[in-house]
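Asker: Based on what follows, work out the 3D shape:
(one chain, ligands or ions: 1)
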Amino acid sequence: MPESSIDRARQTYPFVKGHGTENDFVLLPDHDGTIHGDLSAERVRALCDRRAGIGGDGVMRVVRSAAVGRPLSVATWFMDYRNSDGSVSEMCGNGVRVFAHHLVTEGLVDAAVPVVVDTRDGVKTITVDTVADGGATYTVDMGPAKVLGQTTVGANGVTWPAQHVDMGNPHAVAFVSSLQVVGTLVDPPARDRGVYPDGVNVEFVVRRGERHVAMRVHERGSGETRSCGTGACAVMVAAALADGARPEGDDVTYRVDVPGGTLHVTWTADERVLLTGPAVLVARGTTDL
Ligand SMILES: N[C@@H](CCC[C@H](N)C(=O)O)C(=O)O
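Answerer: Sure thing, here's the model as predicted:
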């Protein structure tokens, strides 16, 4: 959708809808930062509303790095990510694949080379693995995980020990006996507010086999979602540590099942975390929300 299609008299603007393992997003092309420079939490909530809006777990403004005060960035494009409640997050692992797929689909980057995208957590490099039927599979170099201390989380009247992992954004990973034991996850899980004063993404994990886990997630700012890319990375790191499978000479890969599909996460011998999964664009249009 070209930006020139903006109808300023009716205050309409273009959007694109996409998802990665059913973690879904509204993308707002705003190349020069002239449409949504003042993107309000209220507008984000309206766009993400699943009954009165377009619906999404978050909004990603597609804007040139230079237009958001990052003129020296090696990446032309900046992913301005907002949760569905309007709050800002540093990083979104599923979102950055969808963002890259949008750039590739619109010819805004050269798909023959790795795509680089600037985020609040720094520049991410995304490689196109396969392309098919409107979707594609991408691998994102998420950079290093920060493995922090032990904490606790609570849901459904139960408390579990949890591993604090920072993937640019905060995570608490708890191994549980079943994914049902945590209940409906309508409310945010209990957390240590001293450790996570600004909220936390909480992953509940069960083992499915060797280097194979499954998770549910309650995302800070969005509630329970059907997938979380940074969450899958945090889960993989916590599982690999618990399994004594931390990479030394060789990379280690885990399959991470989420309610919306499957992700693969590799922890490399040089401490980078690589996230592989699909990106799909499903709709485009204009809105005046
Ligand atoms: N779903 C995303 C994470 C989005 C941000 C998160 N809710 C936060 O507030 O940190 C992912 O795929 O990583």
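Asker: residues in this protein within reach of the ligand, list them.
Answerer: By the rule CB under 6 Å from any ligand atom, the part of the chain lying against the ligand is 23, 58, 83, 89, 92-95, 169, 201, 219-222, 225, 228-230. (Each C-beta comes from the backbone N, C-alpha and C, glycine too.)
Asker: Which of the residues you listed fall within strands?
Answerer: Counted as lying in strands by DSSP state E, out of the residues of the chain next to the ligand, are 23, 58, 83, 201, 219, 225.
Asker: what helices or strands is the strand of greatest length in the chain leaning on?
Answerer: Ranked by residue count and defined by DSSP E, the top strand of the chain is strand 272-287. With contacts taken as 3 or more CB pairs under 8 Å, 6 or more residues apart in numbering; DSSP states H and E, strand 272-287 sits against strand 13-20, helix 93-105, strand 135-144, helix 229-242, strand 261-267.
Asker: The fourth one: which residues count as buried?
Answerer: By neighbour count with 16 or more other CB atoms under 10 Å, helix 229-242 contains the buried residues 229-241.
Asker: sorry, back to before: how about the helices and strands packed on strand 272-287 in a markdown table, adding distance to Val273 and mean pLDDT?
Answerer: As requested, those are exported to a markdown table (distance: least, CB to CB, whole Å; pLDDT from 0 to 100):
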| stretch | distance to Val273 | mean pLDDT |
| --- | --- | --- |
| strand 13-20 | 16 | 98 |
| helix 93-105 | 9 | 97 |
| strand 135-144 | 5 | 96 |
| helix 229-242 | 5 | 98 |
| strand 261-267 | 6 | 98 |
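Asker: Please convert the ones you listed to JSON lines, extending it with distance to Met79.
Answerer: JSON lines is the format used below for the helices and strands packed on strand 272-287 (distance: least, CB to CB, whole Å):
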{"stretch": "strand 13-20", "distance to Met79": "13"}
{"stretch": "helix 93-105", "distance to Met79": "5"}
{"stretch": "strand 135-144", "distance to Met79": "11"}
{"stretch": "helix 229-242", "distance to Met79": "12"}
{"stretch": "strand 261-267", "distance to Met79": "18"}
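Asker: of all the ones you listed, which lies closest to Val176?
Answerer: helix 229-242 (11.7 Å; CB to CB).
Asker: how far does the next helix or strand after the closest one sit from the chain's center?
Answerer: The helix or strand immediately downstream of helix 229-242 is strand 252-258, counting by DSSP states H and E. In terms of CA atoms, centre = their mean, to the nearest Å, the gap separating the centre of strand 252-258 from the centre of its chain is 16 Å.
Asker: Which elements pack onto strand 252-258?
Answerer: Using 3+ CB pairs under 8 Å, 6+ apart: strand 252-258 touches strand 212-219, helix 229-242, strand 261-267.
Asker: and that strand, which strands flank it?
Answerer: strand 212-219 (parallel), strand 261-267 (antiparallel) (DSSP bridges).
Asker: for it, which positions count as buried?
Answerer: Quick answer for strand 252-258 (16+ other CB under 10 Å): 252-258.
Asker: for stretch 93-112, same thing?
Answerer: Buried residues in stretch 93-112 (16+ other CB under 10 Å): 93-105, 108-109.
Asker: same thing with stretch 58-76?
Answerer: Going by neighbour count (16+ other CB under 10 Å), the buried part of stretch 58-76 is 58-65, 67-68, 73, 75-76.
Asker: same deal with stretch 50-57?
Answerer: Those would be 53-54, 56-57, for stretch 50-57 by 16+ other CB under 10 Å.
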